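Student: Provided below for reference: sequence and predicted model.
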Amino acid sequence: MFGIEMVVIDLLLNFFSREEINTFLRDPQVTATIIGSLIAISGALLGTFLLLRGMSLTSDAISHTVLLGIVVAFIVMTSLLNLEPDLSSPWLIIGAAAAGVATVVLTELIFRSGLVKQDAALGLAFPLLFAVAIILISRFVDDVHLDEDAVMVGEIGVAWADTNSHCLSNCETVTITPDDERAITARRCVNCTAENIYPRDEGAVFEEYCGNCGTYSPAQAWSAGLLETEPILVFWPRSITVTAIMMLLTVGFVVLFYKELKLASFDDALAKALGLRPGVLHYALMVLVSLVAVGAFDAVGSILVVAFFIIPPAAAYLLTDRLSVMLVISAVIGSLGAFFGYDLARGHFLGIIEMDSVLALINRVFGLQLLEQWDSSISASMVLMIFIFFIIAWVLSPKYGLISVAARRANQRRIFDDQVVLGHIFNHQHDESEIMELQADDLYQHFLWSQQKMARVLRRLRTSHLIEIANNIVRLTQRGEESVQHFRQNNLSEHIV
Amino acid sequence: MSVDDRRVWLLIAAIAVLGAVFIPISQIWLDIEYDYTLRTVVLGSSILGIISGVLGCFAVLRRESLMGDALSHAALPGVGIAFLLAGRELGALLIGAGISSWLGVMFIRSLLSTTRIKQDTAMGITLAAWFAAGIALLAYIQAVPDASQAGLDTFIFGQAAAIVESDVRLIAAVSTVVFIVIIVFWKEFKLVTFDPEFAGANGFRVTFFNTLLSTLIVIAIVLGLQLAGVILMVGLLIAPGIAARQWTQKLDQMVILSAMFGAFAGGIGAALSAIDADVPTGPMIIVVAFLIVTISILFAPGRGLAWTFLQQSQDRRRFAALTTLRDLYKYATSHGGATHPVPASFMAGIGGASVDVGLAQLQRQGYIERDGAAWVLTATGAEAAARDVHNQRLWDLYRAYGDELGLPTVNEDRQRAIGDVLTVPAVTKLETLLKGQTS
């Protein structure tokens, strides 16, 4: 899986020097933003389909239960196969994907029993799997890389430091055998664990072994001082590769099955009738969600990855009615969130507000002694940025935004008021009731309106030349007559006319 | 008191007995030592189980199960802000948590009322955003070189061992208030849960009671956070309710049963986690709660999966026996008489596993006997078959001429004798008609 890195590096070397690449990737912000954007794109694409299918919270459930898959795979590998897996080992990823699918299957099993509602089934299934995972972790795993904290809130800020090194020249692998003159002999206690004693205790038996034997990659050999000439290395953050593969898988899946996904999301029955097997597609989607969740959780942690699945598509959903546009917008919102989120974690909000001065202000106003230096979790800040974009979309969306909806409602209310008044005048003018009904000064009484409101409506109608007031009597103008006739013909059903 | 009611009360009593018996048994068999700390934790967990069981019923019935998940995550920023303002004071932290989740409820409500976003997505947005804010705040707090913030993240995963006597007192006091509110507004809560439109039409303030109920749920969640943590709290909230729902159709019984289940899961789970220092309490409680749900889904009378399965296989056997009897009778009568032997190979030729099931069933009833390579109807068997044929003919006539004869409309259940369904004069009418047709 990391073989691809060399291909990419070769490609990049055509345009940049080795030093440029290394410095670029060693910048925590660059690496964090790249990884964050890759996760955001995968999450946004898959999340869009989850949202349309009403399954947003399934991603939440899956992102919790991948922990169980990882733990089980971890235990199997360490205790049965005597391997030392890390979080990007393919076996752990497969285990996680299996756990994700298991969650969906378990939920459907509970739901299909017909005794439990869908939401309750989900709410039962994932806490159970998560609880089992935590019990297993606390009981059987004592590895610093696998505790609940690491899984819940991964740290994207240090992703730049976890690299694969690729050697370009002066590549010398060093192998040290016990006969080598550089071999260091060490002692270890043979029976300490078995008999539960300390090496200092009597009865401890020791054996000698070679402490530094093994094969060293060029990078390891150089840092261990085994080489005289420095190898020319490129350091490539592993998380970039993992998340990039997830992103490519997701994009490939969505592009290849776009038509099928679209159909299955909007009209499941039609998809079935056309022989598209929406069930298979459904599980493929769930496998991908699990893969992205596990690929991401090393970097952003498993709960926060949910945000990348849910919030950008929801924001895009408020901005557009077209699926393709929605996919693009949600990917863009996710990536922008990742980009600005890093700054927010370091205390710069969109380049407008400095968190430190906000804290100083709070301290002054409330008389507190808070630390006036905002330095926070990067992944959480990325989520907060995405959420702020969501709020912006909610308020400002041209079609579904709070402002435009309020404006539309106000406009409708105005049109309605106008029509009611025009209709009233139409009914009474040129008639003996005219004197009673169309007095401009007390017209408001006939509508049970406030005087101000009626004055506003009349002013509006006069400026658009629909009515005229003569001798305190309101009458329709030529235009007003036409407008009322038009309204009666087009907007009123026949029996009212 | 009906049979169903009595069963629920018996079950409630059984759980109470089981819980009481568990203590000495666990002392002997599992070597659990009920020291002061464990007693406190078990007591606290049981009370939390009761309050989440009671409120979880409403969450489950209102189809807001996952609201618990969203709200428990949404409590985290409140914990952070309360810590920044007031320091590590449990009461303040809980109030902060409550306010923060409550704002989450309001956010979800306003998203739902102003946009086309659906409930699950709205909850997901709140969950993720509030939780992220909480994590960001905790990260900021933990950057401060000061030991007092230690243990704030127990709110994420829960740490039952940290519960002390004063916490239990707080939990008990708050729970009492919550119970009083529930009892006072019982009728209103029942109405807005089952039929909000009806409640609204009758002048109940639906929004107010919805909000009040959500507030109570928030309180239960906030109290439980210390124990189960934000992730598992949803399980503790809804599992007892789901289990209780399987045993009864009445809200009052469901709530009491759910409280019992909650107390049982909380207490037993907390005690079991004391077996080994490595076993965390919150997850153990969830596992016990899920076991209760599994047992309920499988074995609840009349509704459980085992019950349905038994019922179905019984029906299947009865149906197989009936059809096989008809086949045998038809073959025998068309070959010389009701007791004419029917070759086993013919019956095998009809095929299907149901024939074997049917034959075995008929043999058990004494309707048929094996005679070498053939099956023979016994006298009782032949009589039963003849009765069935007669019954089917009467049903046919009922279908064809029922209206003409002015017979009452009944459900045409051909498995039953028509005499059980129709009155004697009605059957006599059909019998006369049948006699007229055959002669």
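Tutor: Yep, that arrived. Remember, predicted model here, so these are calculated numbers, not experimental data. Residues are numbered from 1 along each chain as shown, chains lettered A, B, ... in the order given.
Student: only C-alpha atoms for contact and neighbour calcs from this point on.
Tutor: OK.
Student: Any idea which residue of the stretch 101-250 of chain A lies closest to chain B?
Tutor: residue A:131 (4.3 Å; C-alpha to the nearest C-alpha).
Student: Which neighbouring elements make contact with the helix or strand hosting that residue?
Tutor: Residue A:131 belongs to helix A:118-140 when assigned by DSSP states H and E. Under the contact criterion of 3 or more C-alpha pairs under 8 Å, 6 or more residues apart in numbering or on different chains; DSSP states H and E, helix A:118-140 touches helix A:56-75, helix A:90-112, helix B:65-74, helix B:206-247, helix B:281-299.
Student: Pick the most deeply packed of the ones you listed.
Tutor: Ranked by mean neighbour count, the helices and strands packed on helix A:118-140 are led by helix B:65-74 with a mean of 30 (mean count of other C-alpha atoms under 10 Å in any protein chain shown).
Student: In terms of secondary structure, what does that helix contact?
Tutor: Secondary-structure packing of helix B:65-74 (3+ C-alpha pairs under 8 Å, 6+ apart): helix A:118-140, helix B:36-61, helix B:90-114, helix B:119-142, helix B:206-247.
Student: avg pLDDT for it?
Tutor: Helix B:65-74 shows a mean pLDDT of 87.
Student: Next secondary structure after it?
Tutor: Sequence order places helix B:76-86 as the next helix or strand after helix B:65-74, per DSSP H and E.
Student: Identify all contacting residues around that next one.
Tutor: By C-alpha atoms under 8 Å, 6 or more residues apart in numbering or on different chains, the surrounding residues in contact with helix B:76-86 are A:368, A:370, B:89, B:92-101, B:130-131, B:133-135, B:137-138, B:141, B:149, B:152, B:155-156.
Student: Compile the helices and strands packed on helix A:118-140 into JSON lines and extend it with columns for distance to residue B:177.
Tutor: Formatted as JSON lines, those follow (distance: least, C-alpha to C-alpha, whole Å):
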{"stretch": "helix A:56-75", "distance to residue B:177": "32"}
{"stretch": "helix A:90-112", "distance to residue B:177": "35"}
{"stretch": "helix B:65-74", "distance to residue B:177": "20"}
{"stretch": "helix B:206-247", "distance to residue B:177": "10"}
{"stretch": "helix B:281-299", "distance to residue B:177": "25"}
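Student: So which of these is nearest residue B:268?
Tutor: helix B:281-299 (7.4 Å; C-alpha to C-alpha).
Student: Contacts only, for residue A:468.
Tutor: A:462, A:474-477.
Student: would you turn the residues you listed into CSV with secondary structure?
Tutor: Formatted as CSV, the contacts of residue A:468 follow (DSSP: H, G, I helix; E, B strand; the rest coil):
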residue, secondary structure
A:462, helix
A:474, strand
A:475, strand
A:476, strand
A:477, coil
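Student: got those as JSON lines, with neighbour count columns?
Tutor: Below are the contacts of residue A:468 laid out as JSON lines (neighbours: other C-alpha atoms under 10 Å in any protein chain shown):
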{"residue": "A:462", "neighbour count": "16"}
{"residue": "A:474", "neighbour count": "22"}
{"residue": "A:475", "neighbour count": "23"}
{"residue": "A:476", "neighbour count": "22"}
{"residue": "A:477", "neighbour count": "15"}
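Student: Kindly reformat the helices and strands packed on helix B:65-74 as CSV and extend each row with distance to residue A:82 and mean pLDDT.
Tutor: Below are the helices and strands packed on helix B:65-74 laid out as CSV (distance: least, C-alpha to C-alpha, whole Å; pLDDT from 0 to 100):
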stretch, distance to residue A:82, mean pLDDT
helix A:118-140, 14, 85
helix B:36-61, 37, 90
helix B:90-114, 44, 90
helix B:119-142, 35, 89
helix B:206-247, 32, 87
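Student: Dump those helices to a markdown table, plus distance to residue A:243.
Tutor: Below are the helices and strands packed on helix B:65-74 laid out as a markdown table (distance: least, C-alpha to C-alpha, whole Å):
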| stretch | distance to residue A:243 |
| --- | --- |
| helix A:118-140 | 24 |
| helix B:36-61 | 37 |
| helix B:90-114 | 31 |
| helix B:119-142 | 20 |
| helix B:206-247 | 25 |
